[in-house]
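Engineer: coordinates for the following, if possible.
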Amino acid sequence: MTVTEIPARDFTFELNTGTTETPTWVEIGGLISWSNAPTTVRANTQTWEDGGRQNAYVSSRGDSFTLTGRRQEDPDTGDRDAGQEAAEAWAKEVGVPSQKPFRITTPGGNTITFNATAEATVGGGGEDDASTWQLQITVSGVITEA
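Structural biologist: Residues are numbered from 1 along each chain as shown. All right, here's what the predicted structure looks like:
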């Protein structure tokens, strides 16, 4: 077995546009970078007996992912990248429908799946730049690894 570095470009990012019972995974295209930002909330358990030293335990954890890319569109027909279009529709949802299953797959086939909410930033750039596209995903609940 050879364990080696893997390029970030070889990961796959998919949104479930179907149901939990019958998922329809749609890949998001046009990406150029991605990152994970974990968060931790600690419960302060410090007492006078701790001699002024901090004392705490982790009470909750969270994650958010940022996917950055280029807006994908056919200039002749206006057709869009299906994943970008689905993600933008997801980012407009409110209430219960705003939480959807999302999946990240490594080149070796390892996956993490989770429910999340999203915010999309569509467009931007300069005169000589391709238009930007970004999706901010906030995990809700447990991340399942397979």
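
Engineer: which parts of this structure are strands?
Structural biologist: 12-16, 25-27, 31-44, 56-70, 100-105, 111-122, 132-145 (DSSP state E).

Engineer: buried residues, the longest one. List them.
Structural biologist: Of the residues in strand 56-70, 63-65, 67-70 count as buried by neighbour count, 16 or more other Cβ atoms under 10 Å. Yep, even glycine has a C-beta here, placed from its N, CA and C like the rest.

Engineer: residue 114: which of those residues is nearest?
Structural biologist: Residue 114 lies nearest to residue 63 out of the buried residues of strand 56-70, by Cβ to Cβ, at 7.8 Å.

Engineer: quick revisit: make JSON lines out of the buried residues of strand 56-70 and add distance to residue 12.
Structural biologist: Below are the buried residues of strand 56-70 laid out as JSON lines (distance: Cβ to Cβ, whole Å):
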{"residue": "63", "distance to residue 12": "18"}
{"residue": "64", "distance to residue 12": "19"}
{"residue": "65", "distance to residue 12": "13"}
{"residue": "67", "distance to residue 12": "11"}
{"residue": "68", "distance to residue 12": "16"}
{"residue": "69", "distance to residue 12": "13"}
{"residue": "70", "distance to residue 12": "17"}
